[in-house]
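> Structure for this input, please:
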Amino acid sequence: MLLDVGTLFVAMFAAFSIFGITLALSRGSLQDCPEIGLLTWGAWVMLLAMVVSAARVAVPEWIAIIAGNSLLFVGVHINSQALYRFITGQGPPRWQLLLVAAGAILIAVVHQRPTAERTALASGVLVLQGMPMLWLVLTRGWHAEPALRTVALAIGIGVVGHVARIVHVLLAPAEYAAFWQPSLGNGLTYLAGAMFPLGAGIGFIVANLERVAKQLREQATYDSLTGCVRRGSFTAMLDKGYGQARRERKPLSLLLMDLDHFKLVNDTHGHHAGDQVLARFAQAVRTRMRAADVLGRMGGEEFALMLPGTDAAGALHVAEELRQTMASLDIPVGAGVPIRVTVSGGVSSLAPGADGDASALYRRADEALYASKRAGRNRMSLARERDAAAAAR
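Numbering: from 1, shown residues only. All right, here's what the predicted structure looks like:
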């Protein structure tokens, strides 16, 4: 059985052309993914490498051999840059660029040697380029975006394919007497090696899309300034927590907090200072939260803290600790003297046997919050027991 390398070459050229065109057309909608730009350049360089390699029918063969292989090494290195920047935020080690240069020089030195020897050398360079990429995904990207596992699989197949190609060259050099020579071993190993950048590239694109989708979900769920859960997501979590507490007959408390005279901070020190106050307050609350607690920013300077498994007394104790912490917290705002901002709050708890819903729990906490404000601010109030009893009936 023979596999025609020329046919495989044409098929791979068509696949890379479609891949490169698709990347080029999609770059406008993927501007927030700079690694896709690198991948696009890598695809075009490898496509050019294929054109130059095939041009040996029209140009001196030594030009096709040296330029074609050198461009192939460069294209793989550009793909390596994209992968490293995606996973680590930095480019690949400098020695990998030296490997590209060394591979190009070696190809130039042996360009007059038999095709089998040049094939083994080029595959060896590609194996050395692929191994660090495979190790990077396996050690640092395996538990990140799931599609990176597809990238690892494609790179692994490519590396194994080129290793098999080297072994087959050594065992059957006669099957590599010419670039286009059809044979089963030459065709299979060529196909496995060529699938490495294409398969890895497709998986890499999906990994980028997965990361973008994750970031969009986080932006929809979390407030970018404070890191708190946004109002809509917090309300959904409160509904879920309330229902679970009722079913399991466990306590649940809600603490609503509002920074006192926050508008005065913005008017006196500017909105940047106000942002610092909000961020520092959220940070102070998080340092005293348990893993099951949920902190939400309900809007402006108003925050909510859901406390599963906490009764009214425990929630009021937490609220008082947070009030004292905020009252003693020095917040630097620019080059001026640090300022202090107080907080008022209201606590409500799920009454045993309550038939209401989470909105009733929120309403009673909100009423307790305004009771704290009416009483002079910088204090925490517990929702009135008769209100809780009414909600239970």
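
> How many neighbouring residues does residue 80 have?
Using other C-beta atoms under 10 Å, residue 80 has 26 neighbouring residues. Where C-beta positions appear, they are placed from N, C-alpha and C, glycine not excepted.

> so residue 263 is in which element?
helix 262-269 (DSSP states H and E).

> was I right about residue 346 contacting residue 366?
Yes. With contacts counted by C-beta atoms under 8 Å, residue 346 reaches residue 366, the gap being 6.4 Å.

> Settle it for me: which of the two has more neighbours?
Applying other C-beta under 10 Å to residue 346 and residue 366 shows that residue 346 carries more neighbours, namely 25 against 19.

> on that earlier part again, intersection of neighbour lists for residue 346 and residue 366?
Taking C-beta atoms under 8 Å, 6 or more residues apart in numbering as the contact rule, residue 346 and residue 366 both touch residue 256.

> Going along the chain, name the helices of this structure.
Assigned by DSSP state H, the helices in the chain fall at 5-26, 34-54, 61-88, 94-109, 115-136, 148-171, 184-221, 231-248, 262-269, 271-286, 312-327, 358-374, 385-392.

> Quick one, which of the ones you listed gets closest to residue 341.
Closest to residue 341 of these, according to C-beta to C-beta: helix 271-286, at 5.5 Å.

> Can I get the closest one as PDB, trimmed to CA atoms?
The C-alpha trace of helix 271-286 is given here as PDB (Å, rounded to 0.1, in the frame of the first residue of the first chain):
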ATOM      1  CA  HIS A 271     -14.300  59.600  42.800                       C
ATOM      2  CA  HIS A 272     -10.900  57.900  42.600                       C
ATOM      3  CA  ALA A 273     -10.800  58.200  46.400                       C
ATOM      4  CA  GLY A 274     -14.300  56.800  46.600                       C
ATOM      5  CA  ASP A 275     -13.300  53.800  44.500                       C
ATOM      6  CA  GLN A 276     -10.400  53.200  46.900                       C
ATOM      7  CA  VAL A 277     -12.800  53.300  49.900                       C
ATOM      8  CA  LEU A 278     -15.200  50.800  48.300                       C
ATOM      9  CA  ALA A 279     -12.300  48.400  47.400                       C
ATOM     10  CA  ARG A 280     -10.800  48.600  50.800                       C
ATOM     11  CA  PHE A 281     -14.100  48.000  52.500                       C
ATOM     12  CA  ALA A 282     -14.800  44.900  50.400                       C
ATOM     13  CA  GLN A 283     -11.300  43.700  51.100                       C
ATOM     14  CA  ALA A 284     -11.800  44.100  54.900                       C
ATOM     15  CA  VAL A 285     -15.100  42.200  54.700                       C
ATOM     16  CA  ARG A 286     -13.500  39.300  52.700                       C
END
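
> buried stuff in that helix?
273-274, 276-282, 285 (16 or more other C-beta atoms under 10 Å).

> residues making contact with stretch 232-243?
Counting by C-beta under 8 Å, 6+ apart, 220-222, 228-229, 252, 254, 294, 296-298, 304, 306, 308, 350, 357-358, 361-362 sit against stretch 232-243.

> follow-up on the earlier one: need the helices of the chain in a markdown table with distance to residue 341 and mean pLDDT, can you?
Below are those laid out as a markdown table (distance: least, C-beta to C-beta, whole Å; pLDDT from 0 to 100):
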| stretch | distance to residue 341 | mean pLDDT |
| --- | --- | --- |
| helix 5-26 | 47 | 79 |
| helix 34-54 | 39 | 88 |
| helix 61-88 | 39 | 93 |
| helix 94-109 | 49 | 95 |
| helix 115-136 | 46 | 93 |
| helix 148-171 | 44 | 90 |
| helix 184-221 | 26 | 78 |
| helix 231-248 | 21 | 91 |
| helix 262-269 | 6 | 89 |
| helix 271-286 | 5 | 92 |
| helix 312-327 | 7 | 94 |
| helix 358-374 | 14 | 94 |
| helix 385-392 | 29 | 46 |
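
> Residue 337 is nearest to which of those?
helix 262-269 (10.3 Å).

> which residues sit against that closest one?
Helix 262-269 has contacts (C-beta under 8 Å, 6+ apart) with 259, 273-274, 277, 300-301, 333-334, 336, 339, 341.

> Return the distance of that helix from the chain's centre.
36 Å (C-alpha atoms, centre = their mean, to the nearest Å).

> quick revisit: let me know the closest of the buried residues of helix 271-286 to residue 213.
residue 282 (25.5 Å).
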